[in-house]
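A.B. asks: Here is the input, now give the coordinates:
(chains A and B)
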Amino acid sequence: MSDIIFLFLRRLRMPLGVLIIVYSIAITGMTLAPGIDADGNPWRMSFFHAFYFVSFMGTTIGFGEIPHAFTDEQRLWVTVCVYASVIAWLYAIGNVLRLFQDASFQQAVSARTFRKAVRRVGQDFYVVCGYGDTGRLLTRGLTDLNILAIVVDLKSDLLGSIELSELSPLPITLCGDITDPETLISAGVNHLNCKGVIAVTEDEHTNLEIAVAVKLINAKVKVICRSESDDETRNMRSFGTDHIINPFETFANRLGLLTHEHTKHRLQSWFVNQHSKESINLEIAENGLPSGLWIICGYGRLGQSIVSTIQDKAQQTDDTIEIIIIDPKFEEGTLEENGIAYTTIQGRGTEAETLRLAGIERASIVVAASDDDANNLSILITARDINAQIYSIGRVNDESKHSLYKRVKCDYIMRRSQLVSNEVLTLVSRPLVSRFLSEISDLDPPTTEILIDQIEEISTDSLPVTWRLTLTEEFSPALMRIIEEQHTLRVSDVVESLDVSDQTPRKKLTELALMLYSGDSSNNKGISHTKREGQRQLLPSGDQELKAGDQLLICHAKGNTCRAQKMAYDYEKVDSRIGGNNHYIPLLRWLHRRERTKMINDAATVISVKNEAEDMVENSLPNTAQDISKNTTD
Amino acid sequence: MNLEKVIFAFFIILALSLNFGFYSGDPSDPSQHEIYELFAALIVSLICTIMKFGDRTQYGSTVLASSLVADLHLIVAALYWHFAGADGGIDSSEMGAIVSFSAGALVANLVSVVLLLIETIKERK
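C.D. replies: Coordinates of the predicted model:
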């Protein structure tokens, strides 16, 4: 606030000074000018009356409330004063108006409104740096998840579109330089509810700067960054950036999965692309990409990632894959990379000759990976013309052009911003899903097949939905009581699970335990449990035991509430399903429960007495105070 | 030498001297206190206030505050003069009140000048 006032006062010094001087001259003149009252006696205006008169004259209000008619001397002076005061006022008002339009003043006002809005935030939020294509998708996705987004960008015209959008909760926006630590702080990096900062600006280096600054200001805040080069990625990782998303590598990995383990690609695409769907040919999504000849046009960051990933996977799985690279910067010949020679052809791949030279007729896949949309589209059209059976993969550079790629019937379209925003949103809203997806590479193909069948059965036509059960006092008090009462809580108590070895047809599943994650849950408040640091178990079996602090990822159908979700807070339900309390009459239920609690307590005392006896044997000098405290706690 | 600084110091010292000029004399004798001098002291004090706007240092804010105090005293004195004098002139007790208000303004103006001098001496060093 003080910023604005000081700026205002500083700018108004001159106009206010002029006004005061003009007024004082006018007032003095009015008191000096000789006048005559109604009876013809000489009369002079007092200072108070002169100030009153000049006030309404100068502002051109002109009440005309004058005690006596003016003499000519007075009229002469008033004429002079009228012009002087009107000019002084115009000057002052002009200055005020100019100040309001002043960029630095507006900046000060908007920065203040922003700071105030951020300080008042009472819900969890993420700071999104950069409102380009990715930023826009992210903001929309976060809002859909009912998470507040605080958006900072250099360009105010981009941010203006947020105000027009009908997002709720409405993102808070600031037009400013996010690399400035002050801006980061005012964007709420130190705020209690700040869950993380997402750096998705156009510029790699800016993202890096943001990541460093955030980690230095508040190391607890999660930082998610987009990075498109290995160099920057390594740099970011070196100081503990939590998640780094490289769209080229991510896409190359997906292609790798599609060629060699397309079932896993399907799992990934189900769970990651829940916010906006990938543009992929259904046939490829179900059957994967064939092996054979790949023609890769453009050997930039994407081309390199694809070549190395495909080649690595091919070596692991002994698939026969041949890669030919077309790029203007190559000579005809071969390229040695990691000990493997690739055939290279000079050119863009937009002309039929180059493509023919690469053997487009016998190729099974063509990738248009250059950084120019017109060239990419041309490659895709030409390739399709020569070889109608070919699968085409295209890279969209300018997001607004992606519909053109659909028109050329590109089979798999890489949209960078969509890729990044889906990955980020998964990390933000379903961290356990991200962990699950990083684990699935260990699954063997038959299990994956069974898993896919089951998930398909559960989700019936729509995308499968996941829910996370967290075993803590805060999120599942009813289930926690069971654990505290020394009952063993098994996976089968809360959710159905998949038994891979069981080949017999089973009843239709409505939900499925995907992964058990045990370990450092940040929400365990004072619950003593044996810490199993960061253990993950895919597809836990039904008799697996659940401990306090565990997290269970459950897949269920869209629109359904899964059993665990219902049980998390419902003591009665937990009591009857797990505790075996099946009476219908509330009184009987209560009696049953009391009896059981008593039994458990008795058992606990027996155990503790036993322990005490052992203690006594071990420590020949029993500590009486300790004994008393033990008895009371029991 | 800096013209802006000359003007600044000029007005601050002028405010003090005008104020003192009005204050000096027998407090109960209306003929020894000139109304135009009070008016001039008020106007100069207001101009001083405006000149002190927008300085965010500790010195700047203290000087601005002292100037505001002086304004307040002088405005009250001027209003008192008008309303007390409305029933046919100022008597000696009313004059005493007006002069004591101006004495309060005098102290505030003195503070301003002292601060200005301190600042000047500091810059010398």
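A.B. asks: and the residue of chain B nearest chain A?
C.D. replies: B:Gly54 (2.9 Å; Cβ to the nearest Cβ). C-beta here means a position set from N, CA and C on the backbone, and glycine is covered the same way.
A.B. asks: Which helix or which strand is home to that residue?
C.D. replies: Assigned by DSSP states H and E, B:Gly54 falls within no helix or strand.
A.B. asks: Go ahead and confirm it touches A:Met14.
C.D. replies: No: using Cβ atoms under 8 Å as the test, B:Gly54 is too far from A:Met14 to be in contact (11.1 Å).
A.B. asks: Name the residue in those two with the higher neighbour count.
C.D. replies: Using other Cβ atoms under 10 Å in any protein chain shown as the criterion, B:Gly54 and A:Met14 rank with B:Gly54 on top: 17 against 14.
A.B. asks: wait, what's in contact with that one?
C.D. replies: A:6-7, A:9-11, A:13, B:60 (Cβ atoms under 8 Å, 6 or more residues apart in numbering or on different chains).
A.B. asks: What distance do you get for it to B:Leu64?
C.D. replies: Here the distance between B:Gly54 and B:Leu64 works out to 9 Å (Cβ to Cβ, to the nearest Å).
A.B. asks: cool, A:Cys562 as well?
C.D. replies: From A:Cys562 to B:Leu64 the distance is 66 Å (Cβ to Cβ).
A.B. asks: again with A:Ile25
C.D. replies: Between A:Ile25 and B:Leu64 the distance is 25 Å, computed by Cβ to Cβ.
A.B. asks: Those two: which has the busier surroundings?
C.D. replies: Higher neighbour count among A:Ile25 and B:Leu64: B:Leu64, with 20 against 17, using other Cβ under 10 Å.
A.B. asks: Quick check, that one in contact with B:Phe53.
C.D. replies: Yes: look at B:Leu64 against B:Phe53 with Cβ under 8 Å: they come within range, at 7.0 Å.
A.B. asks: List the buried residues of the longest helix anywhere in chain B.
C.D. replies: Counting residues, the longest helix found in chain B (DSSP state H) is helix B:92-124. By 16 or more other Cβ atoms under 10 Å in any protein chain shown, the buried positions in helix B:92-124 come out as B:94-99, B:101-106, B:108-109, B:111-113, B:115-116.
A.B. asks: who does it touch, helix- and strand-wise?
C.D. replies: helix B:3-23, helix B:35-51, helix B:58-85 (3 or more Cβ pairs under 8 Å, 6 or more residues apart in numbering or on different chains; DSSP states H and E).
A.B. asks: try 7 Å this time
C.D. replies: helix B:3-23, helix B:58-85 (3 or more Cβ pairs under 7 Å, 6 or more residues apart in numbering or on different chains; DSSP states H and E).
A.B. asks: List the buried residues for the first one?
C.D. replies: This points to helix B:3-23. Buried, per 16+ other Cβ under 10 Å, within helix B:3-23: B:8-9, B:11-16, B:18-23.
A.B. asks: Need the phi and psi values for A:Leu289.
C.D. replies: Dihedral pair for A:Leu289: phi -90, psi 140, per degrees, to the nearest 10.
A.B. asks: repeat for A:Ile345
C.D. replies: Residue torsions, per degrees, to the nearest 10, at A:Ile345 are phi -130, psi 140.
A.B. asks: Could you report the separation of it from chain B?
C.D. replies: Distance check for A:Ile345 against chain B: by Cβ to the nearest Cβ, to the nearest Å, it reads 67 Å.
A.B. asks: Next: A:Ser279.
C.D. replies: Taken as Cβ to the nearest Cβ, the span from A:Ser279 to chain B is 56 Å.
A.B. asks: Just to check, that residue is in contact with A:Met414?
C.D. replies: No: the pair A:Ser279 / A:Met414 is not scored as a contact, 9.0 Å apart, by Cβ atoms under 7 Å.
A.B. asks: okay, the two: which has more neighbours?
C.D. replies: Using other Cβ under 10 Å as the criterion, A:Ser279 and A:Met414 rank with A:Met414 on top: 29 against 18.
A.B. asks: Spit out the contact partners of the more buried one.
C.D. replies: A:251, A:394-396 (Cβ atoms under 7 Å, 6 or more residues apart in numbering or on different chains).
A.B. asks: can we see that at 6 Å?
C.D. replies: A:251, A:395 (Cβ atoms under 6 Å, 6 or more residues apart in numbering or on different chains).
A.B. asks: And A:Val151, which helix or strand is it part of?
C.D. replies: strand A:148-153.
A.B. asks: from the chain's centre, how far out does the helix or strand just after that strand sit?
C.D. replies: Counting by DSSP H and E, the next helix or strand C-terminal to strand A:148-153 is helix A:156-164. Distance of helix A:156-164 from the chain centroid (Cα atoms, centre = their mean, to the nearest Å) equals 19 Å.
A.B. asks: I'd like to know how many residues surround A:Gly188.
C.D. replies: If we define neighbours as other Cβ under 10 Å, then A:Gly188 has 25 of them.
A.B. asks: ok, it - contacts?
C.D. replies: Per Cβ under 6 Å, 6+ apart, neighbours of A:Gly188: A:118, A:194.
A.B. asks: Backbone dihedrals for it, please?
C.D. replies: Dihedral pair for A:Gly188: phi 100, psi 30, per degrees, to the nearest 10.
A.B. asks: One more: the one 10 residues further on?
C.D. replies: Here is the backbone geometry of A:Ile198 (degrees, to the nearest 10): phi -110, psi 110.
A.B. asks: Around chain A, which positions in chain B sit nearby?
C.D. replies: Within chain B, the positions near chain A by Cβ under 6 Å from any Cβ of the partner chain are B:39, B:43, B:46-47, B:50, B:53-54, B:56, B:82.
A.B. asks: cutoff 7 Å now
C.D. replies: By the criterion of Cβ under 7 Å from any Cβ of the partner chain, the positions of chain B lying close to chain A are B:35, B:39, B:43, B:46-47, B:50-51, B:53-54, B:56, B:78, B:82.
A.B. asks: right, is the helix or strand encompassing A:Val78 up against chain B?
C.D. replies: A:Val78 belongs to helix A:72-101 when assigned by DSSP H and E. No: using Cβ under 7 Å from any Cβ, helix A:72-101 never reaches chain B; the gap is at least 11.6 Å.
A.B. asks: who does the strand holding A:Val151 pair up with?
C.D. replies: Strand A:148-153 has its sheet partners listed here by DSSP bridges as strand A:125-129 (parallel), strand A:172-175 (parallel).
A.B. asks: Tell me the helix or strand right after the shortest one.
C.D. replies: In the C-terminal direction, the helix or strand that comes right after strand A:172-175 (DSSP H and E) is helix A:181-186.
A.B. asks: Which residues does that following helix contact?
C.D. replies: Contacts of helix A:181-186 (Cβ under 7 Å, 6+ apart): A:111, A:114-115, A:118, A:152, A:176-178, A:213-214, A:217.
A.B. asks: from the contacts of B:Gly54, which is closest to A:Asn422?
C.D. replies: A:Leu7 (43.7 Å; Cβ to Cβ).
A.B. asks: To what extent is the residue in chain A that chain B sits nearest to buried, counted in neighbours?
C.D. replies: Closest approach between chain A and chain B, counting by Cβ to the nearest Cβ: A:Arg10, at 2.9 Å. Burial of A:Arg10 is recorded as 14 neighbouring residues (other Cβ under 10 Å).
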